[in-house]
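Participant: Pasted the sequence and its predicted model underneath.
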Amino acid sequence: MKPTTGTSLPLPAGRLTQDVEHDVRCAIRTHTPVLVSGGTSNERELLARWIHAERHDSERAFQVVRCGERAVSLEAWLTTEAPGGTCYLDGVDELDLETQTLVSRFIQHRGPHQVIAATGRDLFALVGRDFSATLFYRLNVIHLVISRGRAW
């Protein structure tokens, strides 16, 4: 897949199937929530940054939230400081249940924001134990899986 707007970010060539490439294009054209899994943490973030860079409103903020480190910052950003653009939730599986509820509400009423969540774990397997079913289904609208073990 080649960038369409001249971004210089490298792409996950060879790591995305045609179906996933189609889903990436859908994520670029809409504000639909995206769940990215597989690959490494760096690869997931790179894909999220590429999606943001290719969007028509890419001049808006790309906010990275490391969920395991900054739950309080995430809450502040979601409730008062959300500037539009893209919110990238790295390690979304590390959020406590209370913060998951807040994120779920934000997604439901997000307006012109795009939420891209990433995890190295199987969120579906965590549903009902450590992960909210509501948040899972709100994030899993477009699910992009970066395959492991192939050249980047």
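Facilitator: Received, thanks. Numbers count the residues shown, from 1 in each chain.
Participant: could you say what helices and strands the helix or strand that residue 104 is a member of packs with?
Facilitator: Here residue 104, judged by DSSP states H and E, is contained in helix 97-108. Other elements packing on helix 97-108 under the criterion 3 or more Cβ pairs under 8 Å, 6 or more residues apart in numbering; DSSP states H and E are helix 71-76, strand 113-119, helix 133-139. No exception for glycine: its C-beta is placed from N, CA and C like everyone else's.
Participant: mind listing the helices for the chain?
Facilitator: Counting by DSSP state H, the chain has helices at residues 18-29, 41-54, 71-76, 97-108, 123-126, 133-139.
Participant: just for this protein, where's the confidence low?
Facilitator: The model of the chain has pLDDT under 70 over residues 1-18, 70-84, 110-112, 148-152.
Participant: one more time with 80, if that's ok
Facilitator: The chain contains residues with pLDDT under 80 at 1-21, 56-58, 68-84, 110-113, 147-152.
Participant: Nearest residue to the middle of it?
Facilitator: Taking Cα atoms, centre = their mean, the centroid of the chain lies closest to residue 116, which sits 1.7 Å from it.
Participant: tally of neighbours for the closest residue to residue 63 other than its chain neighbours?
Facilitator: The shortest distance from residue 63 to any non-neighbouring residue, by Cβ to Cβ, 6 or more residues apart in numbering, is to residue 87 (5.0 Å). Residue 87: 27 surrounding residues under other Cβ atoms under 10 Å.
Participant: Quick one: residues contacting the residue nearest to the centre of the chain.
Facilitator: Going by Cβ atoms under 8 Å, 6 or more residues apart in numbering, residue 116 touches 27, 33-34, 36, 48, 51-52, 86-89.
Participant: one step back: turn the helices of the chain into TSV, including distance to residue 145.
Facilitator: Output for the helices of the chain, formatted as TSV (distance: least, Cβ to Cβ, whole Å):
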stretch	distance to residue 145
helix 18-29	7
helix 41-54	10
helix 71-76	24
helix 97-108	20
helix 123-126	12
helix 133-139	14
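Participant: Fine, thanks again, bye for now.
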